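Q: Pasting a predicted model and its sequence here:
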Amino acid sequence: MTVTRNYEREFVRTFFTSPTAVEGEDDSAKMLRSAAQLRGMQAPDTWIPDNEDATAPSMRDEGVENIVEVVAEHGAAFPGEIHPRVVWHRERPTTRYQGFQQMLEIADPDNGAVEHIDGFVIPEVGDIDDWKKADEFFTIIENEHGLEEGSLSMSVIVESGEAELAMGDLRAEMGKPSNNLQRMFMLVDGEVDYTKDMRAMTPTGELPPWPELRHNTSRGASAAGLIAVDGPYDDIRDVAGYHDRMTENHAKGMLGIWSLTPGQVVEANTAPLPPKTGQWLVEVDGDEVELDAVEGKQVYDGDALTLATTDDGTYVLGVGGDEHELAKDELHEELLNLTAYVPSMDDIVDSMEEFEAAKEAGKGAIAMTRSATLVIDGVEVEVSADRMWDEATYQAAQTPIALFQDVYEHRPDQHEELEEMYGADVVDRAMQVGAQ
(Lines give C-alpha, C1' and ligand atoms only; values in the text may rest on other atoms or scores of the structure.)
Protein backbone atom coordinates (compact mmCIF):
# COMPACT_ATOMS: atom_id res chain seq x y z
CA MET A 1 0.00 0.00 0.00
CA THR A 2 1.39 3.41 -0.97
CA VAL A 3 1.27 5.97 1.82
CA THR A 4 1.26 9.70 1.12
CA ARG A 5 3.38 11.41 3.76
CA ASN A 6 2.38 14.76 5.18
CA TYR A 7 5.82 16.22 5.75
CA GLU A 8 8.68 17.42 3.61
CA ARG A 9 11.85 16.52 5.50
CA GLU A 10 13.59 13.30 4.56
CA PHE A 11 16.12 13.51 7.39
CA VAL A 12 16.21 14.74 10.99
CA ARG A 13 19.62 15.06 12.63
CA THR A 14 18.62 16.64 15.93
CA PHE A 15 15.75 16.24 18.41
CA PHE A 16 16.25 18.96 21.04
CA THR A 17 14.07 19.11 24.14
CA SER A 18 13.44 22.11 26.39
CA PRO A 19 11.44 22.26 29.65
CA THR A 20 8.30 24.28 29.13
CA ALA A 21 8.15 25.77 32.63
CA VAL A 22 10.98 26.08 35.17
CA GLU A 23 9.87 26.32 38.77
CA GLY A 24 11.24 29.10 40.98
CA GLU A 25 12.20 31.45 38.13
CA ASP A 26 10.85 34.96 37.54
CA ASP A 27 10.23 33.86 33.95
CA SER A 28 9.26 30.19 33.96
CA ALA A 29 9.50 30.15 30.15
CA LYS A 30 13.14 31.26 30.02
CA MET A 31 14.41 27.91 28.65
CA LEU A 32 11.82 28.02 25.88
CA ARG A 33 12.71 31.60 24.99
CA SER A 34 16.41 30.72 24.82
CA ALA A 35 15.82 27.67 22.61
CA ALA A 36 13.46 29.57 20.29
CA GLN A 37 16.26 31.99 19.42
CA LEU A 38 18.88 29.40 18.45
CA ARG A 39 20.15 29.73 14.89
CA GLY A 40 22.63 28.07 12.55
CA MET A 41 24.34 24.88 13.68
CA GLN A 42 23.14 25.47 17.26
CA ALA A 43 19.52 25.25 16.15
CA PRO A 44 18.03 21.75 15.89
CA ASP A 45 16.15 20.29 12.97
CA THR A 46 13.30 19.53 15.39
CA TRP A 47 12.70 21.46 18.61
CA ILE A 48 10.63 19.71 21.26
CA PRO A 49 9.11 21.96 23.94
CA ASP A 50 8.84 19.17 26.50
CA ASN A 51 5.75 19.28 28.69
CA GLU A 52 6.31 15.73 29.92
CA ASP A 53 9.48 14.41 31.62
CA ALA A 54 11.43 17.70 31.41
CA THR A 55 8.67 19.64 33.20
CA ALA A 56 7.40 19.05 36.74
CA PRO A 57 3.77 17.83 36.88
CA SER A 58 2.79 20.89 38.94
CA MET A 59 4.12 23.19 36.18
CA ARG A 60 2.56 21.55 33.12
CA ASP A 61 -0.51 23.78 32.91
CA GLU A 62 1.79 26.79 32.95
CA GLY A 63 3.99 24.94 30.47
CA VAL A 64 1.13 24.83 27.95
CA GLU A 65 0.64 28.58 28.37
CA ASN A 66 4.37 29.13 27.86
CA ILE A 67 4.46 27.03 24.69
CA VAL A 68 1.61 29.08 23.23
CA GLU A 69 3.20 32.39 24.19
CA VAL A 70 6.75 31.65 23.07
CA VAL A 71 5.84 29.85 19.83
CA ALA A 72 3.37 32.57 18.88
CA GLU A 73 6.12 35.17 19.38
CA HIS A 74 9.18 33.36 17.98
CA GLY A 75 7.85 30.45 15.93
CA ALA A 76 7.85 32.21 12.59
CA ALA A 77 11.58 32.93 12.82
CA PHE A 78 12.63 29.57 14.26
CA PRO A 79 14.58 27.71 11.52
CA GLY A 80 13.66 24.14 12.49
CA GLU A 81 10.39 22.32 13.03
CA ILE A 82 8.48 22.61 16.31
CA HIS A 83 6.93 19.49 17.86
CA PRO A 84 5.80 19.91 21.50
CA ARG A 85 5.80 16.77 23.64
CA VAL A 86 2.65 16.30 25.69
CA VAL A 87 1.73 13.76 28.36
CA TRP A 88 0.42 10.31 27.42
CA HIS A 89 0.44 6.78 28.81
CA ARG A 90 -0.70 3.54 27.27
CA GLU A 91 -2.24 2.30 30.57
CA ARG A 92 -3.70 5.53 31.97
CA PRO A 93 -6.83 6.98 30.32
CA THR A 94 -6.65 10.05 32.55
CA THR A 95 -3.13 10.85 31.35
CA ARG A 96 -4.17 10.38 27.72
CA TYR A 97 -7.06 12.79 28.24
CA GLN A 98 -4.66 15.33 29.77
CA GLY A 99 -2.46 15.03 26.69
CA PHE A 100 -5.49 15.59 24.49
CA GLN A 101 -6.39 18.74 26.43
CA GLN A 102 -2.81 20.05 26.15
CA MET A 103 -2.78 19.55 22.37
CA LEU A 104 -6.25 21.07 22.03
CA GLU A 105 -5.11 24.26 23.78
CA ILE A 106 -1.79 24.57 21.94
CA ALA A 107 -3.46 24.00 18.57
CA ASP A 108 -6.22 26.60 19.11
CA PRO A 109 -5.78 29.12 16.25
CA ASP A 110 -7.02 31.90 18.51
CA ASN A 111 -3.82 31.49 20.56
CA GLY A 112 -1.57 32.25 17.59
CA ALA A 113 0.85 29.34 17.94
CA VAL A 114 -0.51 26.51 15.79
CA GLU A 115 0.53 28.09 12.49
CA HIS A 116 4.14 27.48 13.62
CA ILE A 117 3.52 24.03 15.15
CA ASP A 118 4.46 21.11 12.88
CA GLY A 119 3.17 18.32 15.09
CA PHE A 120 3.23 16.73 18.52
CA VAL A 121 5.37 14.05 20.17
CA ILE A 122 3.50 11.32 22.05
CA PRO A 123 5.48 9.47 24.76
CA GLU A 124 4.84 6.15 26.50
CA VAL A 125 2.82 4.61 23.66
CA GLY A 126 1.81 0.97 23.75
CA ASP A 127 0.49 -1.37 21.05
CA ILE A 128 -0.79 -0.20 17.68
CA ASP A 129 -4.30 0.38 19.06
CA ASP A 130 -2.80 2.94 21.44
CA TRP A 131 -1.13 4.72 18.51
CA LYS A 132 -4.55 4.84 16.83
CA LYS A 133 -6.07 6.46 19.93
CA ALA A 134 -3.51 9.24 19.75
CA ASP A 135 -4.08 9.62 16.01
CA GLU A 136 -7.84 9.91 16.60
CA PHE A 137 -7.25 12.71 19.09
CA PHE A 138 -5.18 14.52 16.45
CA THR A 139 -8.05 14.20 13.98
CA ILE A 140 -10.56 15.50 16.53
CA ILE A 141 -8.31 18.48 17.32
CA GLU A 142 -7.89 19.31 13.62
CA ASN A 143 -11.63 19.18 13.05
CA GLU A 144 -12.38 21.12 16.23
CA HIS A 145 -10.10 23.96 15.16
CA GLY A 146 -10.79 23.91 11.42
CA LEU A 147 -7.33 22.60 10.52
CA GLU A 148 -6.69 20.35 7.54
CA GLU A 149 -6.82 16.70 8.53
CA GLY A 150 -3.30 15.29 8.74
CA SER A 151 -1.70 18.75 8.94
CA LEU A 152 -0.33 17.98 12.42
CA SER A 153 2.31 15.26 12.29
CA MET A 154 2.58 12.66 15.02
CA SER A 155 5.82 11.30 16.44
CA VAL A 156 6.08 8.67 19.15
CA ILE A 157 8.69 7.73 21.71
CA VAL A 158 9.34 3.99 21.84
CA GLU A 159 9.66 3.30 25.56
CA SER A 160 8.18 -0.18 25.98
CA GLY A 161 8.24 -3.65 24.54
CA GLU A 162 4.67 -3.06 23.34
CA ALA A 163 5.72 -0.02 21.34
CA GLU A 164 8.71 -1.87 19.90
CA LEU A 165 6.43 -4.64 18.64
CA ALA A 166 3.91 -2.08 17.36
CA MET A 167 6.49 -0.78 14.89
CA GLY A 168 6.14 -4.09 13.08
CA ASP A 169 2.39 -3.46 12.64
CA LEU A 170 2.68 0.14 11.54
CA ARG A 171 3.34 -0.40 7.85
CA ALA A 172 0.21 -2.54 7.47
CA GLU A 173 -1.94 -0.04 9.36
CA MET A 174 -0.85 3.20 7.71
CA GLY A 175 -3.13 4.37 4.94
CA LYS A 176 -6.22 2.45 6.02
CA PRO A 177 -9.36 4.59 5.73
CA SER A 178 -10.12 3.93 9.41
CA ASN A 179 -7.13 5.99 10.60
CA ASN A 180 -4.89 8.91 9.78
CA LEU A 181 -1.62 7.21 10.73
CA GLN A 182 -0.04 8.59 7.58
CA ARG A 183 0.54 11.64 9.78
CA MET A 184 3.38 9.69 11.44
CA PHE A 185 6.77 11.45 11.28
CA MET A 186 9.43 10.28 13.77
CA LEU A 187 10.05 7.11 15.77
CA VAL A 188 12.19 8.10 18.76
CA ASP A 189 13.87 5.72 21.19
CA GLY A 190 13.48 6.32 24.92
CA GLU A 191 16.00 3.93 26.43
CA VAL A 192 15.50 4.97 30.08
CA ASP A 193 11.83 4.04 30.31
CA TYR A 194 12.41 1.13 27.94
CA THR A 195 14.95 -0.24 30.42
CA LYS A 196 12.40 0.09 33.22
CA ASP A 197 9.68 -1.57 31.13
CA MET A 198 11.99 -4.45 30.23
CA ARG A 199 13.05 -4.87 33.90
CA ALA A 200 16.65 -4.80 32.76
CA MET A 201 19.60 -4.51 35.15
CA THR A 202 23.34 -3.96 34.78
CA PRO A 203 26.00 -4.41 37.51
CA THR A 204 26.86 -0.70 37.48
CA GLY A 205 23.32 0.60 37.14
CA GLU A 206 24.18 2.14 33.76
CA LEU A 207 21.70 1.84 30.92
CA PRO A 208 22.18 -1.14 28.61
CA PRO A 209 23.22 -0.03 25.12
CA TRP A 210 20.11 -1.60 23.53
CA PRO A 211 21.53 -2.00 19.99
CA GLU A 212 18.56 -4.25 19.17
CA LEU A 213 16.07 -1.48 19.96
CA ARG A 214 17.97 1.01 17.82
CA HIS A 215 18.12 -1.48 14.95
CA ASN A 216 14.40 -2.28 15.27
CA THR A 217 13.47 1.40 15.36
CA SER A 218 15.56 2.11 12.28
CA ARG A 219 14.03 -0.88 10.51
CA GLY A 220 10.50 0.16 11.52
CA ALA A 221 11.10 3.68 10.26
CA SER A 222 12.50 2.42 6.96
CA ALA A 223 9.58 0.05 6.41
CA ALA A 224 7.00 2.77 7.07
CA GLY A 225 8.83 5.64 5.35
CA LEU A 226 9.46 7.47 8.62
CA ILE A 227 12.45 8.99 10.43
CA ALA A 228 14.34 7.15 13.20
CA VAL A 229 15.86 9.07 16.12
CA ASP A 230 17.97 7.72 18.97
CA GLY A 231 17.32 8.63 22.58
CA PRO A 232 19.24 10.99 24.90
CA TYR A 233 22.96 10.62 25.67
CA ASP A 234 23.04 11.81 29.26
CA ASP A 235 26.79 12.38 29.71
CA ILE A 236 26.81 15.78 28.04
CA ARG A 237 30.57 16.22 28.60
CA ASP A 238 31.48 12.97 26.86
CA VAL A 239 31.77 14.31 23.32
CA ALA A 240 33.76 11.28 22.13
CA GLY A 241 31.13 8.90 23.49
CA TYR A 242 28.37 10.91 21.82
CA HIS A 243 30.25 10.68 18.52
CA ASP A 244 30.78 6.93 18.93
CA ARG A 245 27.07 6.48 19.58
CA MET A 246 26.19 8.47 16.47
CA THR A 247 28.70 6.53 14.36
CA GLU A 248 27.10 3.25 15.46
CA ASN A 249 23.65 4.66 14.74
CA HIS A 250 24.57 5.93 11.28
CA ALA A 251 25.67 2.42 10.32
CA LYS A 252 22.14 1.28 11.27
CA GLY A 253 20.47 3.99 9.18
CA MET A 254 19.52 6.01 12.27
CA LEU A 255 20.79 9.48 11.39
CA GLY A 256 18.96 11.42 14.11
CA ILE A 257 19.68 11.65 17.82
CA TRP A 258 18.25 13.35 20.88
CA SER A 259 20.23 16.43 21.91
CA LEU A 260 20.14 17.76 25.46
CA THR A 261 22.24 20.92 25.02
CA PRO A 262 23.03 23.36 22.19
CA GLY A 263 26.54 21.86 22.24
CA GLN A 264 25.15 18.41 21.53
CA VAL A 265 22.97 19.96 18.81
CA VAL A 266 26.09 21.26 17.04
CA GLU A 267 27.75 17.84 17.25
CA ALA A 268 24.65 16.02 16.02
CA ASN A 269 24.02 18.54 13.22
CA THR A 270 27.52 18.11 11.81
CA ALA A 271 28.32 14.43 12.49
CA PRO A 272 26.18 12.89 9.69
CA LEU A 273 27.44 15.33 7.05
CA PRO A 274 30.38 14.25 4.86
CA PRO A 275 33.71 15.59 6.16
CA LYS A 276 35.37 18.62 4.64
CA THR A 277 38.57 16.72 3.86
CA GLY A 278 39.24 13.04 3.22
CA GLN A 279 40.99 11.03 5.91
CA TRP A 280 43.13 7.89 5.72
CA LEU A 281 42.85 5.52 8.67
CA VAL A 282 44.97 2.59 9.78
CA GLU A 283 43.80 -0.18 12.11
CA VAL A 284 46.09 -0.64 15.09
CA ASP A 285 45.28 -2.94 18.02
CA GLY A 286 41.63 -2.96 17.08
CA ASP A 287 41.36 0.82 16.85
CA GLU A 288 41.33 3.02 13.77
CA VAL A 289 44.01 5.72 13.93
CA GLU A 290 44.00 8.78 11.70
CA LEU A 291 47.08 9.25 9.55
CA ASP A 292 48.62 12.71 9.29
CA ALA A 293 48.55 14.33 5.87
CA VAL A 294 52.03 15.81 5.33
CA GLU A 295 53.03 17.18 1.93
CA GLY A 296 50.64 14.89 0.11
CA LYS A 297 51.70 11.78 2.05
CA GLN A 298 49.92 9.87 4.82
CA VAL A 299 52.18 9.58 7.85
CA TYR A 300 51.71 7.17 10.76
CA ASP A 301 52.95 8.65 14.05
CA GLY A 302 52.95 5.93 16.67
CA ASP A 303 54.81 2.88 17.92
CA ALA A 304 52.22 0.09 17.53
CA LEU A 305 52.98 -0.14 13.80
CA THR A 306 56.56 -0.42 12.53
CA LEU A 307 58.14 -0.87 9.12
CA ALA A 308 61.71 -1.46 8.00
CA THR A 309 63.48 -2.58 4.84
CA THR A 310 65.99 -5.42 4.64
CA ASP A 311 69.15 -5.82 2.56
CA ASP A 312 67.45 -8.31 0.22
CA GLY A 313 64.63 -5.89 -0.67
CA THR A 314 61.90 -7.31 1.55
CA TYR A 315 60.07 -5.49 4.33
CA VAL A 316 59.56 -6.21 8.02
CA LEU A 317 56.14 -5.04 9.17
CA GLY A 318 55.45 -4.94 12.89
CA VAL A 319 51.81 -4.95 13.99
CA GLY A 320 51.06 -4.90 17.70
CA GLY A 321 54.40 -6.48 18.52
CA ASP A 322 54.21 -9.23 15.89
CA GLU A 323 56.69 -8.94 13.01
CA HIS A 324 56.15 -10.23 9.47
CA GLU A 325 58.73 -10.37 6.70
CA LEU A 326 56.94 -9.55 3.46
CA ALA A 327 57.70 -9.07 -0.19
CA LYS A 328 56.60 -5.78 -1.76
CA ASP A 329 53.35 -7.21 -3.17
CA GLU A 330 52.56 -8.91 0.14
CA LEU A 331 53.22 -5.67 2.02
CA HIS A 332 50.90 -3.80 -0.33
CA GLU A 333 48.08 -6.27 0.32
CA GLU A 334 48.65 -6.23 4.09
CA LEU A 335 48.58 -2.44 4.23
CA LEU A 336 45.42 -2.36 2.12
CA ASN A 337 43.81 -4.64 4.70
CA LEU A 338 44.92 -2.35 7.53
CA THR A 339 43.93 0.97 5.96
CA ALA A 340 40.67 2.62 5.04
CA TYR A 341 39.69 5.92 3.52
CA VAL A 342 36.91 8.24 4.68
CA PRO A 343 35.88 10.25 1.60
CA SER A 344 35.27 13.99 1.80
CA MET A 345 32.23 15.73 0.41
CA ASP A 346 34.32 16.68 -2.64
CA ASP A 347 35.41 13.04 -3.10
CA ILE A 348 31.81 11.77 -3.01
CA VAL A 349 30.63 14.42 -5.44
CA ASP A 350 33.57 13.70 -7.78
CA SER A 351 32.79 9.97 -7.80
CA MET A 352 29.09 10.50 -8.38
CA GLU A 353 29.74 12.96 -11.19
CA GLU A 354 32.18 10.52 -12.82
CA PHE A 355 29.67 7.68 -12.62
CA GLU A 356 26.88 9.89 -13.97
CA ALA A 357 29.07 10.81 -16.93
CA ALA A 358 29.91 7.14 -17.54
CA LYS A 359 26.25 6.16 -17.32
CA GLU A 360 25.37 8.92 -19.79
CA ALA A 361 27.94 7.38 -22.13
CA GLY A 362 26.23 4.00 -21.85
CA LYS A 363 28.48 2.30 -19.28
CA GLY A 364 26.87 0.32 -16.49
CA ALA A 365 29.94 0.04 -14.25
CA ILE A 366 33.35 1.67 -13.94
CA ALA A 367 36.42 1.18 -11.76
CA MET A 368 37.55 4.03 -9.54
CA THR A 369 41.01 4.07 -8.01
CA ARG A 370 42.02 5.40 -4.61
CA SER A 371 45.76 5.67 -3.92
CA ALA A 372 48.09 7.13 -1.32
CA THR A 373 51.71 7.18 -0.22
CA LEU A 374 51.96 5.77 3.30
CA VAL A 375 54.92 6.66 5.52
CA ILE A 376 55.72 4.37 8.46
CA ASP A 377 58.98 4.87 10.33
CA GLY A 378 60.23 6.92 7.40
CA VAL A 379 59.60 4.11 4.90
CA GLU A 380 57.35 5.12 2.01
CA VAL A 381 54.94 2.65 0.41
CA GLU A 382 52.50 3.32 -2.41
CA VAL A 383 49.10 1.69 -1.97
CA SER A 384 46.14 1.76 -4.32
CA ALA A 385 42.85 -0.05 -4.65
CA ASP A 386 40.15 -0.19 -7.30
CA ARG A 387 36.48 -0.12 -6.44
CA MET A 388 33.79 -1.00 -8.94
CA TRP A 389 30.97 1.50 -9.15
CA ASP A 390 27.64 0.34 -10.50
CA GLU A 391 24.09 1.63 -10.01
CA ALA A 392 23.81 0.07 -6.53
CA THR A 393 27.09 1.69 -5.43
CA TYR A 394 25.89 4.99 -6.82
CA GLN A 395 22.58 4.77 -4.96
CA ALA A 396 24.34 3.96 -1.68
CA ALA A 397 26.65 6.94 -2.13
CA GLN A 398 23.62 9.17 -2.54
CA THR A 399 22.56 8.91 1.11
CA PRO A 400 25.06 11.44 2.55
CA ILE A 401 24.48 13.72 -0.44
CA ALA A 402 20.70 13.44 -0.10
CA LEU A 403 21.10 14.31 3.59
CA PHE A 404 23.15 17.38 2.69
CA GLN A 405 20.64 18.45 0.06
CA ASP A 406 17.79 18.07 2.55
CA VAL A 407 19.65 20.15 5.12
CA TYR A 408 20.53 22.84 2.60
CA GLU A 409 16.94 23.05 1.35
CA HIS A 410 15.27 23.23 4.75
CA ARG A 411 17.90 25.05 6.82
CA PRO A 412 18.83 28.29 5.02
CA ASP A 413 20.14 29.59 8.36
CA GLN A 414 23.02 27.08 7.97
CA HIS A 415 23.96 28.05 4.40
CA GLU A 416 26.80 30.33 5.42
CA GLU A 417 28.35 27.78 7.77
CA LEU A 418 28.05 25.01 5.18
CA GLU A 419 29.70 27.14 2.51
CA GLU A 420 32.49 28.05 4.92
CA MET A 421 32.94 24.34 5.69
CA TYR A 422 33.02 23.00 2.13
CA GLY A 423 33.45 25.99 -0.17
CA ALA A 424 30.76 27.48 -2.38
CA ASP A 425 31.81 25.45 -5.45
CA VAL A 426 31.54 22.08 -3.67
CA VAL A 427 28.17 23.08 -2.17
CA ASP A 428 26.86 24.04 -5.60
CA ARG A 429 28.02 20.77 -7.17
CA ALA A 430 26.61 18.76 -4.25
CA MET A 431 23.21 20.37 -4.77
CA GLN A 432 23.25 19.35 -8.45
CA VAL A 433 24.56 15.80 -8.27
CA GLY A 434 22.20 12.85 -7.99
CA ALA A 435 19.39 14.42 -9.97
CA GLN A 436 19.40 11.61 -12.56
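A: Perfect, thanks for sending it.
Q: Do a quick rundown of the helices in the stretch 101-250 of the chain.
A: 128-144, 161-173, 191-198, 211-224, 239-251 (DSSP state H, counting those that start in this stretch).
Q: and of those, who's closest to Glu420?
A: Each of the helices of the stretch 101-250 of the chain has some distance to Glu420 by C-beta to C-beta; the shortest is helix 239-251, at 21.2 Å. All C-beta atoms are positioned from the backbone trio N, CA, C, and that covers glycine.
Q: Surely Ile48 is in a strand?
A: Yes. Assessed with DSSP: H, G, I helix; E, B strand; the rest coil, Ile48 lies in a strand.
Q: Number of residues surrounding it?
A: Ile48 has 28 neighbours, counted by other C-beta atoms under 10 Å.
Q: sorry, back to before: need the helices of the stretch 101-250 of the chain in JSON lines (columns: distance to Phe16).
A: Listed next are the helices of the stretch 101-250 of the chain as JSON lines, based on distance: least, C-beta to C-beta, whole Å:
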{"stretch": "helix 128-144", "distance to Phe16": "22"}
{"stretch": "helix 161-173", "distance to Phe16": "22"}
{"stretch": "helix 191-198", "distance to Phe16": "17"}
{"stretch": "helix 211-224", "distance to Phe16": "19"}
{"stretch": "helix 239-251", "distance to Phe16": "14"}
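Q: Take those helices and write them to CSV, including mean neighbour count and distance to Ile67.
A: Putting these into CSV (neighbours: other C-beta atoms under 10 Å; distance: least, C-beta to C-beta, whole Å) gives the following:
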stretch, mean neighbour count, distance to Ile67
helix 128-144, 18, 15
helix 161-173, 19, 25
helix 191-198, 17, 22
helix 211-224, 19, 26
helix 239-251, 15, 28
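Q: nearest to Pro343, of the ones you listed?
A: Here helix 239-251 is closest among these (C-beta to C-beta), at 14.4 Å.
Q: Which other helices and strands does the next helix or strand after the closest one contact?
A: Once helix 239-251 ends, the next helix or strand along the chain (criterion: DSSP states H and E) is strand 256-259. Packing contacts for strand 256-259, counted by 3 or more C-beta pairs under 8 Å, 6 or more residues apart in numbering; DSSP states H and E, involve strand 14-19, strand 227-230, helix 239-251, helix 262-270.
Q: so how far is strand 256-259 off the chain centroid?
A: Here strand 256-259 is found 6 Å from its chain centre; the criterion is C-alpha atoms, centre = their mean, to the nearest Å.
Q: Next: stretch 73-90.
A: Its chain's C-alpha centre and that of stretch 73-90 lie 18 Å apart, by C-alpha atoms, centre = their mean.
Q: now stretch 242-259
A: 6 Å.
Q: what's the average pLDDT for that stretch?
A: Computed over stretch 242-259, the mean pLDDT rounds to 96.
Q: List the buried residues of stretch 16-23.
A: 16-22 (16 or more other C-beta atoms under 10 Å).
Q: Identify the farthest-apart pair in the residues you listed.
A: So, these by C-beta to C-beta: farthest apart are Phe16 and Ala21, at 17.2 Å.
Q: hmm, back to that, in CSV, list the helices and strands packed on strand 256-259 along with distance to Phe120.
A: Listed next are these as CSV, based on distance: least, C-beta to C-beta, whole Å:
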stretch, distance to Phe120
strand 14-19, 13
strand 227-230, 15
helix 239-251, 24
helix 262-270, 21
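Q: which one of these lies closest to Ser371?
A: With distances scored as C-beta to C-beta, the stretch of these nearest to Ser371 is helix 239-251 (25.7 Å).
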